[in-house]
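1. I'll drop the sequence and a predicted model, then ask my questions.
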Amino acid sequence: MAPKPKDKPKAASLPQQPPPPIEDLFTTLNRHIQRSEFEHAVKVADQILSISPGDEDALRCKVVALIKADSIDDALSTIQASQRPPADFNFFKAYCLYRQNKLDEALESLKSQEKRSATMLLESQILYRLGKMDACMDIYQKLPKSEIESLEINSVAGLIMAERAYEVQGMMESFRVKATSSFELAYNVACSLIERKNYTDAEQLLLSARRIGQETLMEDNLPDDEIELELSPIAVQLAYVQQLLGRTKDATEAYMDIIKRDLADESSIAVAVNNLVALRGPKEVSDSLRKLDRLKEKDANSFQLAHGLDAKLSAKQRESIYANRVLLLLHANRIDQAREIVYALPDMFPDSVMPVLLQAAVLMRENKAGKAEEVLAQFADKSPEKSTVLYLARAQVAAAAGHLHIAADSLAKISDIQHRPGTVATLVSLKERAGDIDGAAAVLDSAIKWWSNAMTEDNKLNVIMQEAASFKLRHGREGDAARLYEELVKSQGSVEALVGLVTTVARVDVDKAELYEKQLKPLPGLKGIDVDSLERTSGVKHVEASSYVGVTETYEEGKNKTKAKKKRKRRPRYPKGFDPANPGPSPDPERWLPRRERSSYRPKRKDKRAAQVRGSQGAVVREKHDPGATSNKANQVGVATKGVMQNAVAEQTKPSSKSRKKSRN
């Protein structure tokens, strides 16, 4: 029996080392933060919290280090896990929610905070992202200029997004800065010039911004790739200005270069792709859809912008991308995919009319014009402040579907443009085509009344009155037309109105027409013409046919001679390898005829022995008259004669050797 193994002696337990003093840990934590070693700072902060749970300074340092390390989710979890967070943690919580694009929650978290510069600046950024530009600009104006770095850059951007680009110049003067003081400010001021449709100056300022940016970033010793990445928004905006200036080829090449090289940030790539798609329109639909696929979330089944783009692009930019996607799908006849996106858009952009317009476009593609008109009318009634665009779209849909009364009714509901010449002309045309002549005349009368009382420099009263008089004269209302023409003559002295007045009055009152006719100036060159003698003549004298024919023949001969002089003699073109001196044997003149119609054609002979023996062997066959056989012979003769006649015709119409050889080639 084997002896039992002896138990090994247990190792003496090592004494646990005491934790380092908290003061040393804070010193290490401060050193990591100063060196931007945020991951190490988080570990040291955890050591401090393990020794002293709930230490506010350590907790604050950990949250800031996580935010600096772009660990936004971990920072928010740390804040939410703390039982008694410090008061200023609501600011950090709001910033984390802002970074997660939870803008409404972030704004709610800031309500309890004191109105400090940092808090106000974060609130303005949240409002900017939400598209509430007026509120954003109010906060910018309250911010102290000395405490906020580059406040003028954000202020210009806010004015542009608030559609107040005309205020940029005054704001720049109040800040006492020049547009070229930095490349960021030059870029933003150029965007304000684009909003004001000053494209040429915007292009020059963007070129200056690119030059200043290259010089500034090269002084910071950044590599070329990072410099190009920083300046990519300027490159995209330059291409956009070229597109607006009509240089579409240059813009297309610039967009394609930015997309292919992929040396730009995500938002610049997205804007370049969207602008290229809009520039192409319905051309190259498949390639445009593939380029838009670069912007969607990878794991999403349907088209949905990537999370990073959703946070960086403005609401208008995102809406434009979705709208272009829907239009491309309609052009590609992918109605189901377009409908799926359209139904999701109202939740994404609840304050916009674009989802409704796209829904109407899908319904029109499905030949549901009535449903499209109903949808547009319902949304217009719910949002009167946005009804102009919707009623215009409804009028277009109804006119395209032939619903003229609905189209006219939609235009009549837009009070802002009711009396403009374009609207008046469209309404009159719609009502006239629908047979509502009285309604069309009422539109013209209303426009005349409005322009008569309008105190504007560009008054269109004369144009409206002229068209109204022409309309009423066309529909047999001579009295109203004459009254309008007479008012025009008295107010403007227009010759055109005077002619119209004379023409109109002559139908009802000749004496009055003659009275106005005397105001017309005589045409130059008509003083020596006796009008009375012209009226007594019976018109153009009759010309004898023989003389007319002679003149025609003489003219034709001269014309033929002229043509003969202009005709140029050309050298004959021979086939390759043909020697005109030794042409060889002439080609077969019947080579163009089918083989059955040639004189040399001989049909195959049938075996006559099969027809000699009929009936049983040894029987006597009597001849009898067979009218069918005679007819067959006659048909054979006819065919032969036909072949001979065709050969004869071929001989008579035989082409010359030159054209024949040309035909052979």
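-> Right, received. Where do you want to start?
2. which regions of the stretch 401-550 of the chain lie under the pLDDT threshold?
-> 492-496, 505-529, 531, 538-550 (pLDDT under 70).
3. try 50
-> Scanning the stretch 401-550 of the chain with the threshold set as pLDDT under 50 gives 545-550.
4. So which residues of it form helices?
-> 404-412, 421-433, 437-453, 461-474, 478-492, 495-505, 510-517, 531-536, 545-566 (DSSP state H, counting those that start in this stretch).
5. Contacts made by the first one with the rest, please.
-> With C-beta atoms under 8 Å, 6 or more residues apart in numbering as the contact definition, helix 404-412 has outside contacts at 373, 377, 391-392, 394-396, 398-399, 418, 423, 426-427, 430-431, 433-434, 436, 439. (Each C-beta comes from the backbone N, C-alpha and C, glycine too.)
6. got the CA positions of it in CSV?
-> Extracted in CSV, the C-alpha atoms of helix 404-412 (Å, rounded to 0.1, in the frame of the first residue of the first chain):
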residue,chain,number,x,y,z
LEU,A,404,-60.4,72.5,-64.3
HIS,A,405,-62.9,73.7,-61.8
ILE,A,406,-60.9,72.2,-58.9
ALA,A,407,-57.7,73.8,-60.3
ALA,A,408,-59.4,77.2,-60.6
ASP,A,409,-60.9,76.9,-57.1
SER,A,410,-57.4,76.0,-55.6
LEU,A,411,-55.8,79.1,-57.2
ALA,A,412,-58.7,81.3,-56.1
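7. now stretch 210-228: mean pLDDT?
-> Stretch 210-228 shows a mean pLDDT of 91 in the predicted model.
8. ok now it, how far from the chain's centre?
-> Relative to its parent chain, stretch 210-228 has a centroid offset of 34 Å by C-alpha atoms, centre = their mean, to the nearest Å.
9. List the buried residues for it?
-> Arg210, Ile212, Gly213, Gln214, Leu217, Ile227, Glu228 (16 or more other C-beta atoms under 10 Å).
10. which of the contacts of helix 404-412 count as buried?
-> Of the contacts of helix 404-412, these count as buried by 16+ other C-beta under 10 Å: 373, 377, 391-392, 394-396, 398-399, 418, 423, 426-427, 430-431, 434, 436, 439.
11. which SS class is the residue lying closest to Leu127 once chain neighbours are set aside?
-> Spatially, and ignoring its direct neighbours in sequence, Leu127 is nearest to Cys136 (4.1 Å; C-beta to C-beta, 6 or more residues apart in numbering). Under DSSP: H, G, I helix; E, B strand; the rest coil, the three-state class of Cys136 is helix.
12. does Cys136 really touch Gly158, like I thought?
-> Yes - using C-beta atoms under 8 Å, Cys136 is in contact with Gly158, at 5.0 Å.
13. Need the overlap of contacts for those two.
-> Ser124, Tyr128.
14. Let me know the pLDDT of Thr388.
-> 91.
15. Helix or strand: which one has it?
-> Following DSSP states H and E, the helix or strand that holds Thr388 is helix 387-401.
16. One more: Thr216?
-> Using DSSP H and E, Thr216 falls in helix 199-219.
17. now the next helix or strand after that helix: how far from the chain's centre is it?
-> Per DSSP H and E, the first helix or strand lying C-terminal to helix 199-219 is helix 224-230. Chain-centre distance of helix 224-230: 31 Å, with C-alpha atoms, centre = their mean.
18. what's the following helix or strand after helix 224-230?
-> Following helix 224-230 in sequence, per DSSP H and E, is helix 232-244.
19. ok, Cys61 to Ala45 distance?
-> Going from Cys61 to Ala45 by C-beta to C-beta, to the nearest Å gives 5 Å.
20. The two: which is more packed in?
-> More neighbours surround Ala45 than the other of Cys61 and Ala45, with 27 against 23 (other C-beta atoms under 10 Å).
21. Tell me the predicted confidence for the spatially most central residue of the chain.
-> With distances taken as C-alpha atoms, centre = their mean, Ala278 lies nearest the centre of the chain, 4.3 Å away. With respect to pLDDT, Ala278 scores 93.
22. Could you pull up the residues touching it?
-> Here Ala278 is in contact with Ser320, Asn324 (criterion: C-beta under 8 Å, 6+ apart).
23. i'd like the first residue to be 237 from this point on
-> From this message on, residue numbering opens at 237, which makes the last subject Ala514.
24. Can you read off the backbone torsions of it?
-> The phi/psi pair for Ala514 (degrees, to the nearest 10) reads phi -70, psi -30.
25. Equivalent analysis for Lys532, please.
-> Per-residue torsions, Lys532: phi -90, psi 160 (degrees, to the nearest 10).
26. Tell me, how many residues neighbour it?
-> By other C-beta under 10 Å, neighbour count at Lys532 equals 16.
27. ditto for Val299
-> Neighbours around Val299, by other C-beta under 10 Å: 26.
28. Would you agree it falls within a strand?
-> No - under three-state DSSP, Val299 falls outside any strand and is assigned helix.
29. you'd agree it is up against Phe325?
-> Yes - using C-beta under 8 Å, Val299 is in contact with Phe325, at 7.2 Å.
30. any common contacting residues for the two?
-> With C-beta under 8 Å, 6+ apart, Val299 and Phe325 have common neighbours Ile315.
31. before we move on, the earlier item: distance of the residue nearest to the centre of the chain from Leu525?
-> From Ala514 over to Leu525 (counting by C-beta to C-beta), the distance is 14 Å.
32. and if you look at Cys427?
-> Distance from Cys427 to Leu525, by C-beta to C-beta: 29 Å.
33. More neighbours: those two, which one.
-> Cys427 (22 against 19).
34. and the more buried one, what helix or strand is that in?
-> Here Cys427, judged by DSSP H and E, is contained in helix 419-431.
35. Off-centre distance for that helix?
-> That offset, for helix 419-431, works out to 24 Å (C-alpha atoms, centre = their mean).
36. For it, what does the pLDDT average out to?
-> Per-residue scores along helix 419-431 average to 93.
37. Contacts made by it with the rest, please.
-> 386, 388-389, 392-393, 395-396, 399, 401, 404, 408, 413, 415-416, 435, 437-439, 441-442, 444-446, 448-449, 452, 467, 469-470, 473, 476-477, 480.
38. Now do stretch 339-346: everything it contacts.
-> 326-327, 329-331, 333-334, 355, 358-359, 362-363, 365-366.
39. try 7 Å this time
-> Identification of contacts with stretch 339-346 by C-beta atoms under 7 Å, 6 or more residues apart in numbering yields Asn326, Lys329, Ala330, Leu333, Tyr334, Thr355, Leu358, Glu359, Ile362, Arg365, Leu366.
40. Could you list the buried residues of it?
-> Leu339, Ala342, Leu343, Ser345, Leu346.
41. host element of the second one?
-> This means Ala342. Judged by DSSP H and E, Ala342 forms part of helix 339-345.
42. Using PDB, list the CA coordinates for that helix.
-> Extracted as PDB, the C-alpha positions of helix 339-345 are listed here (Å, rounded to 0.1, in the frame of the first residue of the first chain):
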ATOM      1  CA  LEU A 339     -32.400  67.400 -28.400                       C
ATOM      2  CA  ASP A 340     -35.800  67.800 -26.600                       C
ATOM      3  CA  GLU A 341     -34.500  65.900 -23.500                       C
ATOM      4  CA  ALA A 342     -31.300  67.900 -23.600                       C
ATOM      5  CA  LEU A 343     -33.200  71.200 -23.600                       C
ATOM      6  CA  GLU A 344     -35.400  70.000 -20.700                       C
ATOM      7  CA  SER A 345     -32.300  69.100 -18.700                       C
END
